[in-house]
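In: Prediction below, plus the sequence it came from.
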Amino acid sequence: TGIALAWAMQHGGPWPATTNTIHTSIGVPGIYRWLAPVAYQTWPDELLPPELQDANPLGITRRRDGVLGKD
């Protein structure tokens, strides 16, 4: 289709091409149209995905309280 997930790929522009010049449906900025912010604040550990659990069962390197590590 010729569409790439790249910063240079854009669609839209000034009127009459589009009515909203800050949104695009293709390219990297198009991802922002489909994001839904999710907060897991105060969720019990057993309900969190493994990537976010305090025990870190997957051993992912992450920053916690400003310290980079796997714990």
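Out: Arrived safely, thanks for sending. Residues are numbered from 1 along each chain as shown.
In: low-scoring stretches of this structure, by residue?
Out: Flagging of the chain using pLDDT under 70 yields the residue ranges 1-5, 7-30.
In: where along it do the strands fall?
Out: 62-64, 67-69 (DSSP state E).
In: Can you verify my assumption that residue 71 contacts residue 64?
Out: Yes: in this structure, residue 71 is within contact of residue 64 by CB atoms under 8 Å, at 7.4 Å. Using the backbone N, CA and C atoms, a C-beta is placed for each residue, glycine as well.
In: deepest of the strands of the chain, which one?
Out: Among those, strand 62-64 has the highest mean neighbour count (mean count of other CB atoms under 10 Å), at a mean of 11.
In: How about residues contacting it?
Out: 56, 68, 69, 70, 71 (CB atoms under 8 Å, 6 or more residues apart in numbering).
In: Quick check: can you name the pairing partners of that strand and their directions?
Out: Note on strand 62-64: by DSSP bridges, its sheet partners are strand 67-69 (antiparallel).
In: was I right about residue 55 contacting residue 45?
Out: Yes: counting by CB under 8 Å, residue 55 does reach residue 45; the two are 7.2 Å apart.
In: So what would you say the end-to-end distance of stretch 35-42 is?
Out: End-to-end span of stretch 35-42 (CA to CA, to the nearest Å): 22 Å.
In: Could you dump the contacts of strand 62-64 into JSON lines with distance to residue 6 added?
Out: JSON lines is the format used below for the contacts of strand 62-64 (distance: CB to CB, whole Å):
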{"residue": "56", "distance to residue 6": "33"}
{"residue": "68", "distance to residue 6": "30"}
{"residue": "69", "distance to residue 6": "34"}
{"residue": "70", "distance to residue 6": "33"}
{"residue": "71", "distance to residue 6": "37"}
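In: Could you work out the most separated pair of these?
Out: Maximum pairwise distance among the contacts of strand 62-64 (CB to CB): 12.8 Å, between 56 and 68.
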